[in-house]
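Trainee: Provided below for reference: sequence and predicted model.
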Protein chains: 2
Amino acid sequence: MTVTADQVRQLREHTGAGMMECKKALTEAAGDFEKAVDVLRKAGIAKAGKREGRAASEGLVQAYVHPGSRVGVLIEVNCETDFVARTPEFAELARNLAMQVAAAGAEVVRREEVPVERVERERAIFVAQLEGQKKPPAIVEKIVAGKLDKFFAEICLLEQPYIRDDKLTVGELVSAAAAKTGENIVVRRFARFRLGQE
Amino acid sequence: MTVTADQVRQLREHTGAGMMECKKALTEAAGDFEKAVDVLRKAGIAKAGKREGRAASEGLVQAYVHPGSRVGVLIEVNCETDFVARTPEFAELARNLAMQVAAAGAEVVRREEVPVERVERERAIFVAQLEGQKKPPAIVEKIVAGKLDKFFAEICLLEQPYIRDDKLTVGELVSAAAAKTGENIVVRRFARFRLGQE
């Protein structure tokens, strides 16, 4: 079991413990980060703490609450530099994205975040809807793929039509902003609460 | 398999399908609600839809973004009537709760929401810290219970000291508001985003 310098550095940053202590703890924990933290805490070296690590990226956390306060959205949009994050254009993009989520009710940011079981459930329903229509399998597959695309376009933020200009998808809106700033822009996550609902 | 009138009503509200269709679908699905929805959808009776049910309770969804837009909070606070939800006092309570979460960084609303494994992990660490001190087991148990209480007071919103008056816990603040309005007030959920962090 070799402990890398990188692991030691991370553990030091996370716990504030000394280098040799971190190395020893990592060796004892066979390289498992969480276990090494516990080793240090058990030895009374690291504090429990809710120490927050350094932010990994720049951007904004933005909120939008719909008039009436029954629907609210919190969103995090990342970019590469603080310089871009502080521009009015970036703030406007984040605000528009939050309003999009509030109005159009996406459930996830991107397609990859939809659980496989849910996609399979939808697919089974679409296939069953076409049964008895005696269509060739290749056509059925094509229709089902089209219906799945529509399903994704409803629940995935980046695939939704943009509420302020439905010739664009939200993903295209984000790409346009990225091209304009010259930075990679990523919608990292959002939360949407509707009063009285899960 | 008997299908209850209540199940039929729920399925009707959820899908917009007719009573007999819902009853048949529920029977076919052996009473499984989600399966019955699928039966109706497969038959082309129910729409896919992201139909949102009626709100179960009153209250407010409130947001707070800390100056600098690196920390943001979305919170839902429930009460019993729209009348109370619309009072300035209730809005102020919700705003103060959102600021509390932003500033003091709770992870859950209440103790019951902390996963059992996490509590056990903390307990094991506290017990290990006391080893070798030759304290009687009853004393160890007492000290550990005290440390666990402190742990809960850090991560559970309702047990935290209120940032604007640390003689109160947040739970006591909410109870005082409930007593004043004569309504049950419940902090239902919150989300807290810090830029670049999970």
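Mentor: Alright, I've got the coordinates. Residues are numbered from 1 along each chain as shown, chains lettered A, B, ... in the order given.

Trainee: give me the contacts around the strand or helix carrying residue A:59.
Mentor: Using DSSP states H and E, residue A:59 maps to strand A:58-65. Contacting residues not belonging to strand A:58-65 are listed as A:71-82, A:84-85, A:90-91, A:94-95, A:97-99, A:101-102, A:186, A:188, B:61-65, B:69-74, B:193-196 [Cβ atoms under 8 Å, 6 or more residues apart in numbering or on different chains]. Placement of C-beta: from N, CA and C, glycine included.

Trainee: strands - which of these land there?
Mentor: Among these, the subset assigned to strands under DSSP state E consists of A:71-79, A:186, A:188, B:61-65, B:71-74, B:193-194.

Trainee: which of those residues count as buried?
Mentor: Among the ones in strands among the contacts of strand A:58-65, those scoring as buried are A:71-79, A:186, A:188, B:61-65, B:71-74, B:193-194 (criterion: 16 or more other Cβ atoms under 10 Å in any protein chain shown).

Trainee: which other helices and strands contact the strand or helix carrying residue A:175?
Mentor: Counting by DSSP H and E, the element that carries residue A:175 is helix A:170-181. In this structure, helix A:170-181 packs against helix A:88-104, strand A:161-162, with contacts taken as 3 or more Cβ pairs under 8 Å, 6 or more residues apart in numbering or on different chains; DSSP states H and E.

Trainee: and with 10 Å instead?
Mentor: With contacts defined as 3 or more Cβ pairs under 10 Å, 6 or more residues apart in numbering or on different chains; DSSP states H and E, the packing partners of helix A:170-181 are strand A:71-79, helix A:82-85, helix A:88-104, strand A:161-162, strand A:165-169, strand A:186-194.

Trainee: any idea how far it is from the chain center?
Mentor: Computed by Cα atoms, centre = their mean, to the nearest Å, the separation of helix A:170-181 from the middle of its chain amounts to 17 Å.

Trainee: please identify the buried residues of that helix?
Mentor: Judged by neighbour count (16+ other Cβ under 10 Å), helix A:170-181 contains these buried residues: A:170, A:171, A:173, A:174, A:177, A:178, A:181.

Trainee: quick revisit: determine which stretch of the helices and strands packed on helix A:170-181 is the most buried.
Mentor: For the helices and strands packed on helix A:170-181, ranked by mean neighbour count under the definition mean count of other Cβ atoms under 10 Å in any protein chain shown, the leader is strand A:71-79 at a mean of 25.

Trainee: ok, and what's touching stretch A:122-131?
Mentor: Contacts of stretch A:122-131 with the rest of the structure, by Cβ atoms under 10 Å, 6 or more residues apart in numbering or on different chains, involve A:114, A:139-141, A:143-148, A:150-152, A:155, B:37-44, B:46, B:48.

Trainee: run the last query once more with 8 Å
Mentor: Applying Cβ under 8 Å, 6+ apart, the external contacts of stretch A:122-131 come out as A:140, A:143, A:144, A:147, A:148, A:151, B:38, B:41, B:42, B:44, B:48.

Trainee: centre of the chain to stretch A:6-20, how far?
Mentor: A distance of 28 Å separates the C-alpha centroid of stretch A:6-20 from that of its chain, computed with Cα atoms, centre = their mean.

Trainee: who wins on neighbours among the contacts of stretch A:122-131?
Mentor: Most neighbours among those, by other Cβ atoms under 10 Å in any protein chain shown: residue B:41, with 23 neighbours.

Trainee: secondary structure element for it?
Mentor: Secondary-structure assignment from DSSP H and E places residue B:41 in helix B:33-42.

Trainee: tell me the helices and strands packed up against that helix.
Mentor: With contacts taken as 3+ Cβ pairs under 8 Å, 6+ apart, helix B:33-42 sits against helix A:116-130, helix B:5-15, helix B:19-28.

Trainee: ok so, going back, among the contacts of stretch A:122-131, which lie within helices?
Mentor: Counting by DSSP state H, the part of the contacts of stretch A:122-131 found in helices is A:140, A:143, A:144, A:147, A:148, A:151, B:38, B:41, B:42.
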